[in-house]
Structure formats: C-alpha cells, structure tokens
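K.L.:
Model the structure of this input:
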Amino acid sequence: MKTPEDSPVPLLGFAAYSGTGKTTLLKQLIPLLREAGLRLGVIKHAHHQVEVDQPGKDSYELRKAGAARVLLASSRHWALMVDESQEREPELPELLTRLDCSVVDLVLVEGFRDLEFPKIELHRRALGKPLLFPADSSIIAIASDNGIGEATDLPQLDLNDPAAIADFIHNYCASFSPAEVNRSAG
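P.N.:
This next block holds a predicted model:
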C-alpha cells in the first residue's frame, strides 16, 4: 500500500483535538489559498457515520436497493457514493488514489493525525489538551491562539491570523519542485 509520502502532490494535514477549530480554519484558508493561485483538494476524516446522500432521493434509493456504487452527476458537480462491504477505518493513501491529483496543487487533510505526513498542529490552551508536536516529528509548524508555552524550533503561527497561515502554506507549496506540484496552465 502506498504511504502518504508517495502522494503525487504535496499533502498538508491539520492535527488537533476535537473542538480546536480545524474546519473553521480550513473554511478561512481555502479562499485565501485559491486567491494565491493554488488548486486545492481536501480530505476530511470523520469519526462517525456520515450520510452524504438523502433518504427519498433517487440516488439514495438506488444505493439502498443494493448498488455498491452510485455516481450522481449534475451540470455543476458530481459525487460518487460507495458502500464498503465491511466497516473499517479509511486509509489516507487509499483515499488519495480516489482524488484526481492532476487537477490540484495541494491536498489539505483534516484528521489522520496519527499518520506520518507533514502537518500543522492547531492548539488552543483553553482546551487543556497536551501538545502533539513533541511526539510527532511530522509536525512542521504550530498554530496556537495564545502561544504554546514550550520551547521549539518549529515555526509558530497565530491561529487567529488565517492570512499568515495561508502565507506559510503557500511558501510550503513553493518549496516543492515543479514536478511535484501541478501548476494550472493559465
């Protein structure tokens, strides 16, 4: 099985405990990174069952009738719903094969914090949770709302300054060779 390091495009994860604001930050970062010219893919890991399709809709009914895969398409977007034969945790390398990485410059990953791939740790002191970076050598920066209170050589970013975090990410992407980063042709 491929490892996240084998990804055809740069990966950057956001590692944090629940309630830190990973999704909130991503919603702020994505428009900033798009404005900077990056084409983005996002993989989000959910620790609970998710139902993307809606009961009563044709695609839902076809899936529930026994179709293992249903591709729903419209003029603006499409979605592939896949029912796994056995319940199991998703694996990031497998999910990466399902993205068309030829049309993105960077894949942002929310979750999978225990895997080894470059991540920014998000930390809020008020949550009272321990820092992740001392035990995770794949963390490349820390974004906190009130400093971390611990010495480190890692870049420290202000969790409340999405523009500064976006600049860090843009520079991170720029550090990859053109062969590693797909640039749009126009």
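K.L.:
CA only for contacts and neighbour counts going forward, please
P.N.:
Will do.
K.L.:
The spatially most central residue of the chain pairs with what?
P.N.:
Centroid check for the chain by Cα atoms, centre = their mean gives Val109 as the closest residue, at 1.5 Å. Using DSSP bridges, the beta-bridge partners of Val109 come out as Gly13, Ile43.
K.L.:
domain parsing for the protein?
P.N.:
4-45+90-174, 50-87 (automatic domain parsing).
K.L.:
Deepest in the core, which of these is it.
P.N.:
Comparing those by mean neighbour count (mean count of other Cα atoms under 10 Å), domain 4-45+90-174 ranks first with a mean of 17.
K.L.:
ranges for the helices of the chain?
P.N.:
22-35, 58-64, 92-98, 162-174 (DSSP state H).
K.L.:
Contacts for the first one next, please.
P.N.:
In this structure, residues lying in contact with helix 22-35 by Cα atoms under 8 Å, 6 or more residues apart in numbering are 14-16, 39-40, 110, 122, 162-163, 165-166, 170.
K.L.:
circling back to that earlier point, roughly how far does the residue nearest to the centre of the chain sit from Gly13?
P.N.:
4 Å (Cα to Cα, to the nearest Å).
K.L.:
is it true that Pro118 touches Leu106?
P.N.:
No: using Cα atoms under 8 Å, Pro118 makes no contact with Leu106, being 11.9 Å away.
K.L.:
between those two, what contacts are shared?
P.N.:
11-12.
K.L.:
contacting residues around Ala174?
P.N.:
Contacts of Ala174 (Cα under 8 Å, 6+ apart): none.
K.L.:
Just the pLDDT for it.
P.N.:
According to the prediction, Ala174 has pLDDT 88.
K.L.:
List the residues that contact Glu61.
P.N.:
Applying Cα under 8 Å, 6+ apart, the residues near Glu61 are Pro55.
K.L.:
how much space between it and Asp53?
P.N.:
On the measure of Cα to Cα, Glu61 and Asp53 end up 9 Å apart.
K.L.:
rewinding a little: could you dump the helices of the chain into JSON lines and include distance to Ser138?
P.N.:
Output for the helices of the chain, formatted as JSON lines (distance: least, Cα to Cα, whole Å):
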{"stretch": "helix 22-35", "distance to Ser138": "18"}
{"stretch": "helix 58-64", "distance to Ser138": "39"}
{"stretch": "helix 92-98", "distance to Ser138": "15"}
{"stretch": "helix 162-174", "distance to Ser138": "14"}
